[in-house]
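Undergrad: build me a structure from this.
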Amino acid sequence: MGKANFGESSHAKKAMVPDAARAAVSAARGISAFTAASAVTAFASIAASWIIPHYCIICGERVEKEEGVSLPSLPLCARCGAGLTGISGPRCGVCGRELYSEREICYGCRGVERSCSEIYPLFKFRDGPAALMREYKSSKRFSLVPFWAGLLSDAIDRRWPDRTIVPVPPRPEKIRRREWDQIEAIAAALEKRGYRVERVLERKVDLQQKKLNREMRKANAGKAYSVIPSLASSMPSRIILIDDVYTTGATIEACAKALRENGAESVCALVVAAD
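TA: I've put the predicted structure just below:
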């Protein structure tokens, strides 16, 4: 699989697109209007793949169209996609990281009282998942929104289909500047899929967690998050917090504590990756 040949003549591309069009129209003959409309949609996708090719976000190789899959949902080539392996084997029942102990709880989580009953990361923050998340956050890759939403959706359906989603809120400065909020983008995509999303949390402190050490993160997060007063009376009872990456768990725990103190009975968290 290689990058697109930009030396390819426009005449050659135009010749191939009509061939796809004729195939789609031929397949649509003699069948229902609904199926015909599907054929037209398929043709549009084929044509778009030639006019606007898609490339793997990680390695830059051209992403080839797979039957039955729309290109915008494929930000990776087959090789890099196969490298996106989730956390395998036993997990800690609290932080969700790989478990190296025979006990169900890792050493760091034992004997610690928490407001968040369970954190479930999809990946380790390394290799392919880390590269994708950096592209998503730093380069503002909007095309990854449906990709992340699809992964989180699968996990929600398997583990917590009856819970309300609450996104971790952005820093106030980001709201003031009307900057893109990568967590809200995923939450909005999940909402469009039919999941209940409630934005009941707010963040009061602008200091970024990634600039702090472990102890400072805990102290900063503890005073940074609170429930929006006007929404406290309508607090869902069972909640899933969603966030992109967690390191110490300070942000998740601070958000869960605020939710529990305002009436939530149970809070767990779903994150893309654990660092």
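Undergrad: so Gly93: helix, strand or coil?
TA: At Gly93 the chain is in coil, as set by DSSP: H, G, I helix; E, B strand; the rest coil.
Undergrad: pull stretch 140-148 out as PDB, backbone CA atoms only.
TA: As requested, the backbone C-alpha atoms of stretch 140-148 are provided in PDB (Å, rounded to 0.1, in the frame of the first residue of the first chain):
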ATOM      1  CA  LYS A 140      -7.300  19.200  16.000                       C
ATOM      2  CA  ARG A 141      -8.100  16.200  13.900                       C
ATOM      3  CA  PHE A 142     -11.900  16.600  13.700                       C
ATOM      4  CA  SER A 143     -12.100  13.500  11.600                       C
ATOM      5  CA  LEU A 144     -11.300  11.400  14.600                       C
ATOM      6  CA  VAL A 145     -14.400  12.400  16.500                       C
ATOM      7  CA  PRO A 146     -16.700   9.600  15.000                       C
ATOM      8  CA  PHE A 147     -13.800   7.200  15.400                       C
ATOM      9  CA  TRP A 148     -13.400   7.800  19.200                       C
END
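Undergrad: how far does it sit from the chain's center?
TA: 8 Å (CA atoms, centre = their mean, to the nearest Å).
Undergrad: again, but for stretch 175-189
TA: 12 Å.
Undergrad: same deal with stretch 187-204?
TA: Averaging C-alpha positions (CA atoms, centre = their mean) puts stretch 187-204 13 Å from its chain's average.
Undergrad: from start to finish, how long is that stretch in a straight line?
TA: For stretch 187-204, the separation between the terminal residues is 20 Å (CA to CA, to the nearest Å).
Undergrad: show residues contacting that stretch.
TA: Outside of stretch 187-204, the residues that reach it under the criterion CB atoms under 8 Å, 6 or more residues apart in numbering are 145-146, 148-149, 152-153, 156, 164-172, 184, 223-228, 231-232, 234-236, 242, 255, 258-259, 262. Placement of C-beta: from N, CA and C, glycine included.
Undergrad: list the buried ones in it?
TA: Within stretch 187-204, the residues that count as buried by 16 or more other CB atoms under 10 Å are Ala187, Ala188, Ala189, Leu190, Glu191, Tyr195, Val197, Glu198, Val200, Leu201, Glu202, Arg203.
Undergrad: quick one: which of those residues sit in strands?
TA: Leu201, Glu202, Arg203 (DSSP state E).
Undergrad: where does confidence bottom out across those residues?
TA: Checked by pLDDT, those have Arg203 as the lowest-scoring entry (90).
Undergrad: how far away is that residue from Val227?
TA: 11 Å (CB to CB, to the nearest Å).
Undergrad: follow-up on the earlier one: out of the contacts of stretch 187-204, which are buried?
TA: Burial of those was assessed by neighbour count (16+ other CB under 10 Å); the buried members are 145-146, 148-149, 152-153, 156, 164-171, 184, 224-227, 235-236, 242, 255, 258-259, 262.
Undergrad: closest to Leu76 among the buried residues of stretch 187-204?
TA: Distances from Leu76 to the buried residues of stretch 187-204, taken as CB to CB, are shortest for Ala189 (18.0 Å).
Undergrad: how deep is Leu270 tucked in, by neighbour count?
TA: Under the neighbour criterion other CB atoms under 10 Å, Leu270 is assigned a count of 23.
Undergrad: what's the spacing between it and Val168?
TA: With CB to CB as the criterion, Leu270 and Val168 are 11 Å apart.
Undergrad: equivalent analysis for Cys80, please.
TA: In this structure, Cys80 and Val168 are separated by 27 Å, where distance is defined by CB to CB.
Undergrad: check Phe123 too.
TA: Separation of Phe123 from Val168 (CB to CB) stands at 17 Å.
Undergrad: thanks a lot, see you next time.
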